[in-house]
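Colleague: Give me coordinates for this.
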Amino acid sequence: MGMLAAPAAQAAPTGITNPGFEAGNTSWNQFSTPFGGIPLINASPTHPAHSGSWKAELGGRGFTGVNRISQQLAVPAYRVPVLSFWLRIDPQTPATMGYRELDVEATTQDGTSYLLASRTNKDSNGAYEKVTLTLPDAFYSSSEQQVNLSFLVVEDSSNKLPFLVDDVTMDFRLKVFRPWIPPVILRPTTGL
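Modeller: Numbering: from 1, shown residues only. So this is what the prediction gives:
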């Protein structure tokens with residue numbers, strides 16, 4: 001009687017590489033205009049990380065401009081990608097001063113971009129809060145696809161408080177299909 005070989009193990013999806021930024025800018029692309037100030041991914045104690053020492057510090061340069069970090073990752077076939085990250089927006093005085101906006105975007109393999117979330121300086125509470133976002137159906141496919149994830153901040157020159165992003169993760173969940181159940185039709189009954 002022959003022996004059956006065990007099925008090959010499949011590696012679990014890895015999601016985000018360097019999710020807590022503790023390896024510096026490894027695996028993350030950075031873009032900033034105008035240039036200047038401290039690096040977008042840093043361990044500056046002025047604005048603490050959610051965990052560890054490193055985080056992404058977007059905006060807060062005192063210039064009208066754009067800061068962006070991005071990473072490409074693979075979304076496995078037949079999985080729903082769910083993004084989570086910790087965000088801190090420090091309060092400002094007065095609350096109406098200046099303008100800043102954080103956009104979280106994901107781009108499909110065919111180049112279509114989706115806005116997943118947007119926050120402004122008026123959403124500040126001075127503490128880290130967890131944000132969890134399920135990506136749209138366009139990111140669910142029968143084959144693996146490469147996706148680009150980005151955090152983009154636009155600000156003006158009158159406000160120097162940054163958006164702090166840390167502990168970025170991407171989980172991949174099975175899609176739940178709810179079966180359609182036809183309605184039950186009750187027929188009146190006559191006397192037995």
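Colleague: Near residue 75, how many other residues are there?
Modeller: Using other CB atoms under 10 Å, residue 75 is surrounded by 24 other residues. Just so you know, the C-beta spots here come from the backbone N, C-alpha and C atoms, and that holds for glycine as well.
Colleague: Would you agree residue 133 is in contact with residue 114?
Modeller: No: if you go by CB atoms under 8 Å, residue 133 and residue 114 don't touch, sitting 10.2 Å apart.
Colleague: And the strands in the protein?
Modeller: Remark: strands assigned in the chain by DSSP state E are 29-33, 41-42, 55-58, 65-75, 80-89, 100-107, 113-120, 129-134, 145-155, 163-173.
Colleague: Tell me which residue lies nearest the centroid of this structure.
Modeller: Taking CA atoms, centre = their mean, the centroid of the chain lies closest to residue 83, which sits 4.5 Å from it.
Colleague: Quick check, that residue in contact with residue 105.
Modeller: No: with contact defined as CB under 8 Å, residue 83 does not count as touching residue 105 (10.7 Å).
Colleague: shared neighbours, those two?
Modeller: The contact sets of residue 83 and residue 105 overlap at 116, 149 (CB atoms under 8 Å, 6 or more residues apart in numbering).
Colleague: thinking again about what came up before, partners of the residue nearest to the centre of the chain in the sheet?
Modeller: Legend: beta-bridge partners of residue 83 under DSSP bridges are residue 133, residue 170.
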